[in-house]
Each structure stands twice: as C-alpha cells, then as structure tokens.
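Participant: fold the stuff below for me.
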Amino acid sequence: MSGYQLDQIDRKILSLLANDARKPFLEIARECGVSGAAIHQRVHKLERNGVITGSRLMVKPSALGLNVCAYINVFLSEDNKYQEVVNELKHISEVVECHFVTGKAALFLKVYCLNNEHLMNVLLNTIQRIPYVMSTDTMISLNEAFERQVWVKDFQDTTLSSNS
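Facilitator: This is a model prediction of the structure:
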C-alpha cells in the first residue's frame with residue numbers, strides 16, 4: 001500500500017464493507033452519493049493497493065463443537081528460529097492465529113479445541129514437540145465479550161469519542 005492515500009469516500013466504503021461485507025455495491029453507492037460503477041472501481045483500486053486483502057465467511061467455532069478458545073504464549077529456546085516454528089504451526093488446524101510478539105514469549109497463538117482434553121493433546125503432543133519450543137503458557141478464554149473488524153474512521157467522524 002505504498003503511498004496510497006484514502007479519501008473520505010474510500011473510508012466510507014471501508015466502513016460499510018467492514019460492517020457488512022455482503023452489502024450490495026449499489027446500496028453503498030447510494031450511501032456515498034456516487035455511482036455504482038464508481039464503487040466498483042474504488043473497491044478494485046483498494047484491492048490492488050492492498051487496502052482490502054479479501055473477504056471471508058466467519059463461522060462460529062462453537063457451531064462446529066469447538067467449545068474451548070485458548071491463547072498460548074510460546075517460548076523458544078532460540079528466538080531466531082521463530083520462522084521454522086511458525087512453519088510447523090501452520091500445519092496445526094487448531095491454531096487459527098499466530099503472532100510474533102515482543103516480551104518474554106516469542107509467539108502468541110489463538111487456538112480452538114473441542115474440549116480441555118483436546119487442548120491438552122494439542123499442547124503436549126503437537127505444539128510442545130516442535131523443535132525450538134521450550135515451553136508454553138496457556139490461558140483459556142471463559143467468554144468472548146465482543147469481536148469486531150478493524151476500526152475504520154468514517155468521513156463523518158471528526159474527533160475520537162469514548163463511544164468509539
């Protein structure tokens with residue numbers, strides 16, 4: 001996205017699509033006060049410039065029986081080996097997010113499992129057996145208070161408020 005500047009209409013489009021990726025372009029055009037063709041062109045330009053990186057269907061994990069969400073700090077014996085560890089983690093379907101982070105841990109994972117026994121199996125027999133993984137520290141989420149898409153400042157917003 002080198003050098004691409006978002007204008008007010010781009011921000012409005014992103015805000016609308018972040019709230020509902022299935023919103024018809026003609027409806028977005030009406031809300032932005034431009035033609036449907038202009039919305040198509042702008043969305044394609046946002047995609048070409050890497051602002052929009054795709055769209056996806058979100059599946060509720062519990063609908064698939066994945067009732068345990070855990071966050072795992074992964075400590076490595078050699079931090080410079082993190083890419084090798086990440087390559088192994090990509091093959092573990094229960095790991096849905098992986099971040100290289102600052103602090104004592106090298107990696108921070110989000111994992112979904114069927115139950116605590118499944119989580120224990122993933123930890124002991126999969127993640128902790130990856131070369132260079134020294135130890136893990138696991139937190140189980142008791143409840144997801146909310147989840148949202150990245151905040152896109154709408155063209156109507158002029159100041160940050162405590163309600164944002």
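
Participant: give me the most central residue, this structure.
Facilitator: Nearest to the mean C-alpha position of the chain, by C-alpha atoms, centre = their mean, lies residue 97 at 7.3 Å.

Participant: just checking, it touches residue 109?
Facilitator: Yes - the pair residue 97 and residue 109 qualifies as a contact (C-beta atoms under 8 Å) at a distance of 6.5 Å. Placement of C-beta: from N, CA and C, glycine included.

Participant: any idea how far the residue located most distally from the centre of the chain lies from residue 26?
Facilitator: Distance from the centre of the chain peaks at residue 35, with 31.1 Å (C-alpha atoms, centre = their mean). Taken as C-beta to C-beta, to the nearest Å, the spacing of residue 35 relative to residue 26 amounts to 9 Å.

Participant: now swap in residue 106 and tell me
Facilitator: Residue 106 sits 47 Å away from residue 26, going by C-beta to C-beta.

Participant: now for the residue farthest from the centre of the chain: which residues touch it?
Facilitator: By C-beta atoms under 8 Å, 6 or more residues apart in numbering, residue 35 lies in contact with residue 29.

Participant: before we move on, what about the one 4 residues further on?
Facilitator: With contacts defined as C-beta under 8 Å, 6+ apart, the neighbours of residue 39 are 13, 25, 26, 28, 29, 32.

Participant: where do the helices sit along the protein?
Facilitator: Taking DSSP state H as the test, the helices found in the chain are 8-19, 25-32, 36-48, 82-89, 116-125.

Participant: CSV for the ones you listed, including mean pLDDT and distance to residue 72?
Facilitator: Shown next, in CSV, are the helices of the chain (pLDDT from 0 to 100; distance: least, C-beta to C-beta, whole Å):
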stretch, mean pLDDT, distance to residue 72
helix 8-19, 91, 28
helix 25-32, 96, 39
helix 36-48, 95, 33
helix 82-89, 97, 10
helix 116-125, 98, 7
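
Participant: specify the residue ranges that define each domain of this protein.
Facilitator: Under the assignment automatic domain parsing, the domains of the chain span 8-48, 61-141.

Participant: how many neighbours does residue 44 have?
Facilitator: When neighbours are defined as other C-beta atoms under 10 Å, residue 44 has 11 of them.

Participant: got TSV for the helices of the chain, with distance to residue 65 too?
Facilitator: As requested, the helices of the chain are exported to TSV (distance: least, C-beta to C-beta, whole Å):
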stretch	distance to residue 65
helix 8-19	29
helix 25-32	36
helix 36-48	34
helix 82-89	22
helix 116-125	10
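
Participant: cool, thanks, talk later.
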